[in-house]
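1. the sequence and its predicted three-dimensional model are supplied below.
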Amino acid sequence: MRIAGYRLDAEGTHPPLDWPAYGSTTLRAPSRQPLLLPQTLTEVTGPVFGEGAVGPLDHDLTRQHAGEPLGERIIVHGRVLDGDGRPVPNTLVEVWQANAAGRYIHVVDQHPAPLDPNFTGAGRCLTDAEGRYHFTTIKPGAYPWKNHHNAWRPAHIHFSLFGRAYVQRLVTQMYFPGDPLFGQDPIFNSVPDPAARARMIAAFDLDTTEPEWALAFRYDIVLRGRDATPFESEEEDE
Amino acid sequence: MTTPSQTAGPFFEFGLTSKDGPYAVAEGESGAFWVRGSVLDGAGEPVPDALVETWQADPSGHYHHPEDPDATAYAGFTQGGFARCGTDAQGRWAILTVRPGPVPGRDGSVQAAHLAVSVFARGLLNRVVTRMYFPEEAEANAADPVLSLIPPEYRATLVAAPADDGYRFDIRLQGEHETVFFRI
């Protein structure tokens, strides 16, 4: 049995773990370099979730409560692709975010901004056969944090993706175009390659914007692509 | 081309965890045990905002995935061999699972039973990836092609300890006895 592995990402694609500008890395970044593990069946397989993982209103964060949340209603949509531009179909996409005031529904979030009783801020959906996903939500607010003096996170939506393999697992953040807070944000700027950084910024999408209803943003997510050369993964003689 | 990783931050709990998440198998499943552990930082302090995810083969050594060449009838998994758990205020996590069988390695080798383990957290700009092996399998572990990549003095960080209701597997992100992490 020959199995194709997944290509390592280009240098500069992902942040270094040791990134002093982001204070929380100081005691959490491993001190030793990770050991290169040649992929096996363990790494090229991974959880594949079905329809049962997603409820009917999970993709619409504005309809999960009795009333409508406050804030700017938006559509966030795009495709999940692999590194060769192929769609990743039927894969779970999870999102979570702050509300319009920049407050998370989490006990540890102490930002003195109001919670919204009509907004939780978590969503999930499966991509369709062409790798497309679609959420309706509220534009999250920026919020302060204590990383450095007068530190503010740019507005963002957290994304969690599984792809088709353990090696494709990705947790990232989607940002909004033209955010004035990019320059001072050590998390956004932890990505070394400016072109890679730009891939985390959604595009305003007038074509998908629904008249008199909601602005749309398009955010395509690219997971790792496959190696051209497969490796040998043999069963034991049985 | 790949979209960069970013930290999961401190507030993922309401987006990524659920009460069913830690159960790779249901309570009462034949052979089920708990894997419990702590995530610790470089000062030895618990990490209260980490997410631990596990992925594994079934007891016959097959992955429930289209690319595993041999399907299996094992019906015990509730999430296909996946589980995840956020750490509590003391940095503790736990998953309920069953022992995977040995799985094929590269070029005709055999891998000892293991769980693939990822950790996400505030302060981790990308996940860290490790594996958990079982303490009773000294012989299989000694022959395991992935454990064999690790300098012998560090291998123990990937072997769980026996516990009353299963195993204990602590993950030390940094410092003395730092867990070995992989680039996959």
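-> Noted; the coordinates are in hand.
2. in the sheet, who's paired with B:Thr130?
-> Legend: beta-bridge partners of B:Thr130 under DSSP bridges are B:Val117.
3. no, scratch that, I was asking about B:Val159
-> For B:Val159, the beta-bridge partners under DSSP bridges are B:Tyr133.
4. from A:Asp60, how far out is it?
-> Separation of B:Val159 from A:Asp60 (CB to CB, to the nearest Å): 46 Å. Every residue, glycine included, has its C-beta placed from N, CA and C.
5. more neighbours, these two?
-> Comparing B:Val159 with A:Asp60 by other CB atoms under 10 Å in any protein chain shown, the one with more neighbours is B:Val159, at 20 against 15.
6. report pLDDT for the more buried one.
-> We have a pLDDT of 98 for B:Val159.
7. wait, it touches B:Arg131, no?
-> No: using CB atoms under 8 Å, B:Val159 is not in contact with B:Arg131, being 9.7 Å away.
8. ok, the residue nearest to A:Asp193 when sequence neighbours are not counted - how many residues close by?
-> Spatially, and ignoring its direct neighbours in sequence, A:Asp193 is nearest to A:Gly12 (3.4 Å; CB to CB, 6 or more residues apart in numbering or on different chains). Summarising burial for A:Gly12: neighbours were counted as other CB under 10 Å, giving 15.
9. got it, and the one 5 residues further on?
-> Neighbours of A:Leu17 under the rule other CB under 10 Å: 23.
10. that older thread, sec struct for the residue nearest to A:Asp193, please.
-> Judged by DSSP: H, G, I helix; E, B strand; the rest coil, the three-state class of A:Gly12 is coil.
11. that one against A:Ala196, yeah?
-> Yes: applying CB under 8 Å as the test, A:Gly12 and A:Ala196 come out as touching, 6.2 Å apart.
12. what pLDDT does A:Gly50 get?
-> A:Gly50 is assigned a pLDDT of 86 by the prediction.
13. whoops, I mixed them up, B:Asp70
-> As predicted, B:Asp70 sits at a pLDDT of 77.
14. quick one: contacts for the closest residue to it other than its chain neighbours?
-> Spatial nearest neighbour of B:Asp70, excluding adjacent residues (CB to CB, 6+ apart): B:His62 at 5.6 Å. Residues near B:His62 by CB atoms under 8 Å, 6 or more residues apart in numbering or on different chains: B:Asp68, B:Asp70, B:Ala71, B:Thr72, B:Tyr74, B:Gly101, B:Val103.
15. outside of stretch A:107-118, which residues touch it?
-> With contacts defined as CB under 8 Å, 6+ apart, stretch A:107-118 is touched by A:65-71, A:98-105, A:141, A:143-144, B:10-11, B:49.
16. for it, give the mean pLDDT please.
-> pLDDT averaged over stretch A:107-118 gives 93.
17. quick check: buried residues in it?
-> Buried residues in stretch A:107-118, defined by neighbour count with 16 or more other CB atoms under 10 Å in any protein chain shown: A:Asp109, A:Ala113, A:Asp116, A:Asn118.
18. repeat that for stretch B:18-33.
-> Under 16+ other CB under 10 Å, the buried positions of stretch B:18-33 are B:Gly21, B:Pro22, B:Tyr23, B:Ala24, B:Val25, B:Glu29, B:Ala32, B:Phe33.
19. in strands only, show me the residues you listed.
-> Within those, residues falling in strands by DSSP state E are B:Phe33.
20. pLDDT added to the buried residues of stretch B:18-33, as JSON lines?
-> Formatted as JSON lines, those follow (pLDDT from 0 to 100):
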{"residue": "B:Gly21", "pLDDT": "97"}
{"residue": "B:Pro22", "pLDDT": "98"}
{"residue": "B:Tyr23", "pLDDT": "98"}
{"residue": "B:Ala24", "pLDDT": "98"}
{"residue": "B:Val25", "pLDDT": "98"}
{"residue": "B:Glu29", "pLDDT": "98"}
{"residue": "B:Ala32", "pLDDT": "98"}
{"residue": "B:Phe33", "pLDDT": "98"}
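21. quick one: the buried residues of stretch B:18-33 as CSV, columns for distance to A:Gly50 too.
-> Shown next, in CSV, are the buried residues of stretch B:18-33 (distance: CB to CB, whole Å):
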residue, distance to A:Gly50
B:Gly21, 16
B:Pro22, 20
B:Tyr23, 17
B:Ala24, 16
B:Val25, 18
B:Glu29, 20
B:Ala32, 23
B:Phe33, 26
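22. near chain A too, which of the buried residues of stretch B:18-33?
-> Among the buried residues of stretch B:18-33, no residue sits close to chain A (CB under 8 Å from any CB of the partner chain).
23. before we move on, the earlier item: which of the contacts of stretch A:107-118 are buried?
-> When neighbours are counted using 16+ other CB under 10 Å, these contain these buried positions: A:69, A:71, A:98-105, A:141, A:143, B:10-11, B:49.
24. ok, those vs A:Tyr22, which is closest?
-> Ranked by distance to A:Tyr22 (CB to CB), these are led by B:Pro10 at 12.4 Å.
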